[in-house]
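**Q** predicted structure and sequence below. I'll ask about it afterward.
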Amino acid sequence: MVNKTRLRSHEKASARRAGLRAQWRMVEFADYREPSGRALSRIAIVYGPLHSRRRGFSLGINLFPGPSICSFNCIYCFRGGAQRHLASVERDEAGLDPDKVIRAISYALRRLGSDAEKLRAIDFSGNGEPTLHPRFAEIVRAVREYIDSKGMGISLGLFTNSSRLCGPAVREALPYLDHVEAKPDTVVTWKFRVINQPAPGVELHDMLECLAMLRGLFHGTVALQVILLETDGFANYWPWDAEQLASLAEKISPDRVNLYTVYAPPRQKAVRKAPKPQMERYAAILRGHGL
Ligand code: SF4
């Protein structure tokens, strides 16, 4: 009886701590929204700070603080998938412009106080695909100018699903970026359609051609991001998948390939983590190709 009571109070305490942690993170996240107080959505323009294994102590920039807009609708998406599933966006309903993004960054830096000196990276990521934003290139340039004007030695990064890599906006933005982290999760067309569920007009072969050209266009760090998973009926972690991806990666010559599995509740419940031995075998095949 005593033990049971102890267990219950321990469980309660840990649930309370988890609740507090979640609340703290939400406050940090929401506090960086546009300071005018005009609520664009529940999601902030600048979020964090994050302790990223890849990027260190960093902030994220979300160009779609309203509904999530993405050219994919990945089955594993832990943001719930695309609320607007589009291959291109003509008009940003939230009216986000370079000034608003700079104001949100400046507010976040003030909130960080002396911790701002520890920042290693600011990354375009967030609620959808950042390169779809109609003012993407302008905003990237403005953020670069802002962080340079502050003398901050910060790496400016882009996390992209690669669907717009060949578009003029991305080409215009590349000289202002230090780091590009780009998908694919697979190089097999039918698996791409199942896993990433691209919007009409987004084709895997175009995406792979653009990825292969990236190294020639961009002089910063290129990382490929591959999410390995299984779901009812198939997986994308077999040796054959790894060999295909390695052939593509050899053309891109990335600085690194980051392998992940599903690490947050996926959009589709049937999606499961790739087992560790399969991930290790996949990684060993990439290493065998010098990646
Ligand atoms: S590309 Fe990213 S944001 Fe878009 S649906 Fe896939 S996981 Fe979600």
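**A** Arrived safely, thanks for sending. Numbers count the residues shown, from 1 in each chain.

**Q** use CA for all of it now, contacts and neighbours both
**A** Noted.

**Q** partner strands of the longest strand along the chain and their direction?
**A** Longest among the strand segments of the chain by residue count, using DSSP state E, is strand 221-231. The pairing partners recorded for strand 221-231 under DSSP bridges are strand 179-182 (parallel), strand 234-235 (antiparallel), strand 256-261 (parallel), strand 272-273 (antiparallel).

**Q** C-alpha coordinates for the first one, PDB please?
**A** In PDB, the C-alpha atoms belonging to strand 179-182 read as follows (Å, rounded to 0.1, in the frame of the first residue of the first chain):
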ATOM      1  CA  HIS A 179      23.800  25.500 -44.600                       C
ATOM      2  CA  VAL A 180      21.200  23.600 -46.600                       C
ATOM      3  CA  GLU A 181      19.600  20.500 -45.300                       C
ATOM      4  CA  ALA A 182      17.500  18.800 -47.900                       C
END
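
**Q** so how far is it off the chain centroid?
**A** Distance of strand 179-182 from the chain centroid (CA atoms, centre = their mean, to the nearest Å) equals 9 Å.

**Q** what's the following helix or strand after that strand?
**A** helix 189-196 (DSSP states H and E).

**Q** which residues in the chain form strands?
**A** Using DSSP E, strands in the chain cover 46-52, 56-62, 69-70, 84-85, 121-125, 155-160, 179-182, 221-231, 234-235, 256-261, 272-273.

**Q** need those strands in a markdown table (columns: mean neighbour count, mean pLDDT and distance to residue 97).
**A** Shown next, in a markdown table, are these (neighbours: other CA atoms under 10 Å; pLDDT from 0 to 100; distance: least, CA to CA, whole Å):
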| stretch | mean neighbour count | mean pLDDT | distance to residue 97 |
| --- | --- | --- | --- |
| strand 46-52 | 20 | 85 | 13 |
| strand 56-62 | 22 | 91 | 12 |
| strand 69-70 | 27 | 94 | 16 |
| strand 84-85 | 18 | 93 | 20 |
| strand 121-125 | 24 | 95 | 14 |
| strand 155-160 | 22 | 98 | 17 |
| strand 179-182 | 22 | 98 | 22 |
| strand 221-231 | 21 | 97 | 26 |
| strand 234-235 | 14 | 94 | 40 |
| strand 256-261 | 16 | 96 | 31 |
| strand 272-273 | 19 | 97 | 38 |
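
**Q** save those as CSV, and put in distance to residue 284 too.
**A** Below are those laid out as CSV (distance: least, CA to CA, whole Å):
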stretch, distance to residue 284
strand 46-52, 24
strand 56-62, 26
strand 69-70, 32
strand 84-85, 35
strand 121-125, 29
strand 155-160, 25
strand 179-182, 21
strand 221-231, 14
strand 234-235, 18
strand 256-261, 11
strand 272-273, 18
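
**Q** can you list those strands in a markdown table and add distance to the ligand?
**A** Below are the strands of the chain laid out as a markdown table (distance: least, CA to the nearest ligand atom, whole Å):
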| stretch | distance to the ligand |
| --- | --- |
| strand 46-52 | 15 |
| strand 56-62 | 11 |
| strand 69-70 | 5 |
| strand 84-85 | 8 |
| strand 121-125 | 8 |
| strand 155-160 | 7 |
| strand 179-182 | 10 |
| strand 221-231 | 9 |
| strand 234-235 | 17 |
| strand 256-261 | 12 |
| strand 272-273 | 15 |
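
**Q** flag every residue of the stretch 1-150 of the chain that's near the ligand.
**A** Taking CA under 6 Å from any ligand atom, the part of the stretch 1-150 of the chain that reaches the ligand is made up of 70, 72, 73, 74, 77, 79, 81, 82, 127, 128, 129.

**Q** name the nearest residue to the second one, ignoring sequence neighbours.
**A** Beyond its immediate neighbours in the sequence, the residue positioned closest to residue 72 (CA to CA, 6 or more residues apart in numbering) is residue 198, lying 4.3 Å away.

**Q** and that neighbour, how far is that from the ligand?
**A** 9 Å (CA to the nearest ligand atom, to the nearest Å).

**Q** per-residue pLDDT of that residue, please?
**A** pLDDT, residue 198: 98.

**Q** got a list of what it touches?
**A** Shown in contact with residue 198 (CA atoms under 8 Å, 6 or more residues apart in numbering): 71, 72, 73, 87, 192.

**Q** for it, what are phi and psi?
**A** When read as degrees, to the nearest 10, the backbone of residue 198 gives phi -70, psi 150.

**Q** where does pLDDT dip in the protein?
**A** Counting by pLDDT under 70, the chain contains low-confidence residues at 1-43.

**Q** all helices for it, in order.
**A** 2-31, 98-112, 136-149, 168-173, 189-196, 204-217, 239-252, 276-288 (DSSP state H).
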